[in-house]
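A.B. asks: build me a structure from this.
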Amino acid sequence: MEKVETIIEPESTESNWKEIGNLAFQEKKYEEAVKAYTEGLKITPSDVSILSNRAITYLNLEFFSLALSDTETVLKIDPTHTKAMYRKVKALIGGKKYEPAIQFVLKNNHKDILNSYTPEKNLGEKLLAEATKLAEQSQFGNYNMAEIIKEQTFEHQVADFNIPLAAEVFKGYGRGLVVTEKIEGGELIIGSKAFAFIVERKHREMKPPPPEGTLPEIEDYSVDRTVAKKSLVEAIVEKVKKKKAPEETPVLYTLHAGVKLGNLSLDDSLNSADMERIIKIVDCNALCTNGRMTYGFKELMYGLWLFPSFINHSCYNGNCKWHMHGDFLVIRALRTIMPGEELRMSYISPGESLKTRQELLAPYEINCSCNLCQFQANESSETQTKLELILKKYETLITGPGSIVSTDTDEFESIVEELEGIHPTHHDYCPFLLEPYKLLARRYFRKGAYEKSIEILEKGRKLFIGTDFTEDVITFTTNIISAYLKNKNKPKAMEWVKKLRRDLQIGYGEPVDDILQVIAPDLLVKLKHEKISVIGENESTAT
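C.D. replies: Numbering: from 1, shown residues only. You can find the predicted model right below:
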């Protein structure tokens, strides 16, 4: 870091050091500011102005315990020091001490003093609301998912939450998390803020508009995972080196770091940056959106979440699903999970081919043995070759110039029938049907063949419900409702709205009407026009 170029005379006073610190702070050279303020405090340890300034500097460095210590020193000297009161609350919140933050604001006349702070009106009320919201999130998982989805931001101020879970060691593959109480499908299991998180944006060249009567090419938003991994490792190393998370860093090193390095216990854990171990921890635990459907985001997001990292992988037999909303990870149950059952989720998109999944899982050092992987691994070479040829034909249809518009619907239907024939009695092991089903249904819809569209959509929904493809299931259901409304069949539309409620609960939680307003506002307008309510009693089972 570039140092503040200021000549310090031997007779420097605390005022000189404060001025130097303030200059460094304005230039966002926070480490230099801390050094200057600390020198000033050596001369006058009780200077409340310097203590308060060092506290805000510690807050910017995310050294919350040190910031808290300085504010408490100030308040012992001057109990009504407004800036110190504000910074104490922010230090408590940053340190995840939400209840103490609430109690401090409510204590004596603190809220009134904070409310009277001139630069910002009603500061006490705002701090109380902030701490209360985070406290409720940490205790009950009360996240406003509609708001979080709508924001589409990469950074969120949220508290961590998890239902009661137990860690167990399983023979053959190590630690995992076990449910201790029965939970239902759609129930929130974990809400977690990332330990480290990065965003990689792929540069996209400007292209001329497509010819008239054709649809634009499907854009490829994939990014080299090697680049993303390097950025994430650097972010973790910087955080550890600067000791920004002194309480979380020991937990970081307890994560699995591959067969060779294993994992450390909390007693053996480190506080320094072990590059080799951090690289393997990222390999074995980080989650990435590349290849996964993530509502509202086209960038590659890559992050490391500590507690969720204890959940083991399964491509297709998972009982829970993760959604990445920027640096906030949400994990929900896909179905009813009984006490004693281990949590499993897919780290990658299960819609990829077996070969691609194996390549993506290689850094995790995972050899998945879920039903899908076993089934596909036992396929004959003849079946695999046949599938590859059909998928190539399908890709040619959807990527050729003007093909989506000009290709006859019967040709698409023929390809879908060929794909269904690959495993006629095991469609549940055919994730490759997902996109062809959606595309064929869309083509029928545009032609006004609503019954045919509904037929395809219902097959798709039935195939993928209860799996990792929760967003796609919601897409199938919303399109079925739209088709019934177009076909003037209000009773059927109302019937499917009940199923949509359940799909939304499993995918995103409550409130379903607010979530639908964000992800499918046009459909919500149509439902209101038909006086069909989305709000209703929870469905006991997914159908």
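A.B. asks: thought Met324 was touching Glu299?
C.D. replies: No. Between Met324 and Glu299 there is no contact under CB atoms under 8 Å: 10.9 Å. Yep, even glycine has a C-beta here, placed from its N, CA and C like the rest.
A.B. asks: who has more neighbours, these two?
C.D. replies: Applying other CB atoms under 10 Å to Met324 and Glu299 shows that Met324 carries more neighbours, namely 20 against 17.
A.B. asks: let's verify that one: helix, strand, or coil?
C.D. replies: strand (DSSP: H, G, I helix; E, B strand; the rest coil).
A.B. asks: measure it to Ser138 for me?
C.D. replies: The spacing between Met324 and Ser138, counted by CB to CB, to the nearest Å, is 20 Å.
A.B. asks: let me know the secondary structure of Ala273.
C.D. replies: Ala273 - assigned by three-state DSSP - is coil.
A.B. asks: from Ser65, how far off is it?
C.D. replies: For Ala273, the distance to Ser65 - CB to CB - is 20 Å.
A.B. asks: likewise for Tyr86?
C.D. replies: 17 Å.
A.B. asks: those two: who's more crowded?
C.D. replies: Of the pair Tyr86 and Ser65, Tyr86 is the one with more neighbours under other CB under 10 Å, namely 24 against 13.
A.B. asks: which helix or strand contains that one?
C.D. replies: helix 82-94 (DSSP states H and E).
A.B. asks: would you mark the buried spots in the helix or strand that comes right after that helix?
C.D. replies: For helix 82-94, the succeeding helix or strand toward the C-terminus, using DSSP H and E, is helix 98-106. Applying a neighbour-count criterion of 16 or more other CB atoms under 10 Å, one finds 98, 100-102, 104-105 buried in helix 98-106.
A.B. asks: tell me what His313 is bridged to.
C.D. replies: Met345 (DSSP bridges).
A.B. asks: that one contacts Ser369, correct?
C.D. replies: No. Between His313 and Ser369 there is no contact under CB under 8 Å: 10.4 Å.
A.B. asks: low-confidence bits of the stretch 151-300 of the chain, can you list those?
C.D. replies: 202-224, 269-271, 291-296 (pLDDT under 70).
A.B. asks: the stretch 201-350 of the chain: helices as residue ranges?
C.D. replies: All helices of the stretch 201-350 of the chain, identified by DSSP state H, counting those that start in this stretch, fall at 225-241, 249-252, 258-261, 275-285.
A.B. asks: among those helices, which is nearest Phe476?
C.D. replies: helix 225-241 (29.3 Å; CB to CB).
A.B. asks: who does the helix or strand where Ser52 lies touch, helix- and strand-wise?
C.D. replies: Here Ser52 sits within helix 48-60, counting by DSSP H and E. Under the contact criterion of 3 or more CB pairs under 8 Å, 6 or more residues apart in numbering; DSSP states H and E, helix 48-60 touches helix 14-26, helix 30-43, helix 64-77, helix 82-94.
A.B. asks: what is the mean pLDDT for it?
C.D. replies: Average pLDDT, helix 48-60: 96.
A.B. asks: tell me which residues in it are buried?
C.D. replies: Across helix 48-60, burial judged by 16+ other CB under 10 Å covers 48-59.
A.B. asks: looking at those, spot the one nearest Tyr450.
C.D. replies: Distances from Tyr450 to those, taken by CB to CB, are shortest for Leu59, at 57.8 Å.
A.B. asks: what count of nearby residues applies to the residue lying closest to that closest one once chain neighbours are set aside?
C.D. replies: Nearest-residue entry for Leu59: Ala67, 4.8 Å, with adjacent residues in sequence omitted and distances by CB to CB, 6 or more residues apart in numbering. Counted with other CB under 10 Å, residues neighbouring Ala67 total 25.
A.B. asks: center of the protein, which residue is that?
C.D. replies: Geometric centre of the chain, nearest residue: Met324, 2.0 Å, by CA atoms, centre = their mean.
A.B. asks: residues in contact with the helix or strand containing Phe197?
C.D. replies: Using DSSP H and E, Phe197 sits in strand 196-200. The list of residues contacting strand 196-200 from outside it, by CB atoms under 8 Å, 6 or more residues apart in numbering, reads 154-155, 223, 227-228, 231-232, 235-236, 239, 299-304, 326-327.
A.B. asks: out of the residues you listed, which end up buried?
C.D. replies: 154, 223, 228, 232, 235-236, 239, 299-304, 326-327.
A.B. asks: from these, which two are the most distant?
C.D. replies: Most distant of those, by CB to CB, are Val223 and Lys239, 22.1 Å apart.
A.B. asks: how near is Glu276 to Ala493?
C.D. replies: From Glu276 to Ala493 the distance is 58 Å (CB to CB).
A.B. asks: same question, Lys386
C.D. replies: Where Ala493 is concerned, Lys386 sits at a distance of 39 Å (CB to CB).
A.B. asks: tell me which of those two has more neighbours.
C.D. replies: Ala493 (22 against 15).
A.B. asks: spatially, which residue comes closest to that one, not counting chain neighbours?
C.D. replies: Tyr484 (4.1 Å).
A.B. asks: wait, is that neighbour part of a helix?
C.D. replies: Yes. Tyr484: assigned to a helix according to three-state DSSP.
A.B. asks: surely it meets Trp496?
C.D. replies: Yes. Tyr484 lies in contact with Trp496 (CB under 8 Å); the separation is 6.5 Å.
A.B. asks: give me the more crowded residue out of those two.
C.D. replies: The residue with more neighbours, out of Tyr484 and Trp496, is Trp496; 26 against 22, by other CB under 10 Å.
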